[in-house]
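# here is a sequence with its predicted model. Questions after.
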Amino acid sequence: MIAELTGKLIRKSPSGLVVDVGGVGFRVLVPLSTFRVVADEGEVVHLFTHLNVREDALDLFGFATAAERTIFTELIAVSGIGPKLGLAVLSGLSPDVFHEAVIQEDVALLTTVKGIGKKTAQRMVVELKEK
């Protein structure tokens, strides 16, 4: 597992980053919250990462904070929520707001994220409230 990456930011776009680590360019998918705060191209960047392994792909997801990565890994453990939807949640809600929404069972706030319907929001609350 790749837990963290530190390297030179080669390319930056809302869909992802390319980080050069020792001559190897890693494509890293990031939420908009990370995209907004990450360094400019050519500068050194540090990301907390999660490697998602599928039958047909290895996807590396990066986050500005360990809290974002923790929420992401908890989200993708919820039935029906994959990595793309996990990124959408973190792009739309900060970790603190998301945490509070789950604790307060604020399904209405969770459904403001594109791709999250009422049933998915309710499932998130049930499965994540104790965590």
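Perfect, thanks for sending it.
# tally of neighbours for the residue nearest to residue 67 when sequence neighbours are not counted?
Distance criterion Cβ to Cβ, 6 or more residues apart in numbering; nearest residue to residue 67, sequence neighbours excluded, is residue 95 at 4.4 Å. Using the backbone N, CA and C atoms, a C-beta is placed for each residue, glycine as well. Residues near residue 95, counting by other Cβ atoms under 10 Å, number 19.
# and residue 83, by the same measure?
17.
# how far away is the residue nearest to residue 67 from residue 26?
23 Å (Cβ to Cβ, to the nearest Å).
# picking up where we left off before, dump the residue contacts of the residue nearest to residue 67.
Contacts for residue 95 (Cβ atoms under 8 Å, 6 or more residues apart in numbering) come out as 65, 67, 68, 70, 71.
# most remote residue from the chain's center?
Ranking residues of the chain by C-alpha distance from their mean position (Cα atoms, centre = their mean) puts residue 23 at the top, at 25.0 Å.
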